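Q: missing the sequence, but the structure's below:
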């Protein structure tokens, strides 16, 4: 399986958002990461359905929507209508994670489940065969620009082993503090999808995206 880059538009310049999205797509970024924060589950507030809907059709990327919100089951239908392809929710934010995953699937989307840095990866075991993607947060969710937490590598390796042991093909995604200088560490640990915000949108976007893609080719 090829490795996938998912630029996080949380770090984009919203004055030229459409242009930047197209640039990432044209130079090899297959996913687009969309962070939704509610000010409750995480301290920050970002954006929601209207912004997601406004970028539909700008590029042909997979819309990878990450809900950092309390009880996301309330908004699943709205995010499907707004254009989400993958809808990732936090294990810690759901009273009934299985019902939440079921509703995501019922709405025709692929389900992702994320965990914070302090949540043991073993807590994913009850739903390990129910989601199409698992997101390991390698920083505390809610703020961009944080440094990568090295202990995330052990969690990625453990998750990879859990999936392999059960012959499961769910994607492993990592988000937080990833740059070209350290991306090989997470790829070696077993990551499939790399979320990058500042590392894509700060500086020359074309060079940034193509740099990641060149590294990914080493893993084909």
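A: Now that the structure is in, tell me what you want to look at. All figures in this text were calculated on a predicted structure; none of them were measured in a lab.

Q: Relative to residue 57, how far out is residue 180?
A: 30 Å (Cβ to Cβ, to the nearest Å). Using the backbone N, CA and C atoms, a C-beta is placed for each residue, glycine as well.

Q: Neighbour count for these two, which is higher?
A: residue 180 (14 against 8; other Cβ atoms under 10 Å).

Q: so the more buried one makes contact with residue 210?
A: No: contact criterion Cβ atoms under 8 Å: residue 180 and residue 210 do not qualify, at 10.3 Å.

Q: From the contact counts, what lies against whatever helix or strand residue 113 lives in?
A: Using DSSP states H and E, residue 113 sits in strand 110-115. Judged by 3 or more Cβ pairs under 8 Å, 6 or more residues apart in numbering; DSSP states H and E, the packing partners of strand 110-115 are strand 62-68, strand 86-90, helix 97-106, strand 133-137.

Q: Dump those into a markdown table; add distance to residue 191 as well.
A: Below are these laid out as a markdown table (distance: least, Cβ to Cβ, whole Å):
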| stretch | distance to residue 191 |
| --- | --- |
| strand 62-68 | 14 |
| strand 86-90 | 15 |
| helix 97-106 | 21 |
| strand 133-137 | 8 |
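
Q: Need those in TSV (columns: mean pLDDT and distance to residue 30).
A: Below are those laid out as TSV (pLDDT from 0 to 100; distance: least, Cβ to Cβ, whole Å):
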stretch	mean pLDDT	distance to residue 30
strand 62-68	98	6
strand 86-90	98	12
helix 97-106	98	20
strand 133-137	98	13
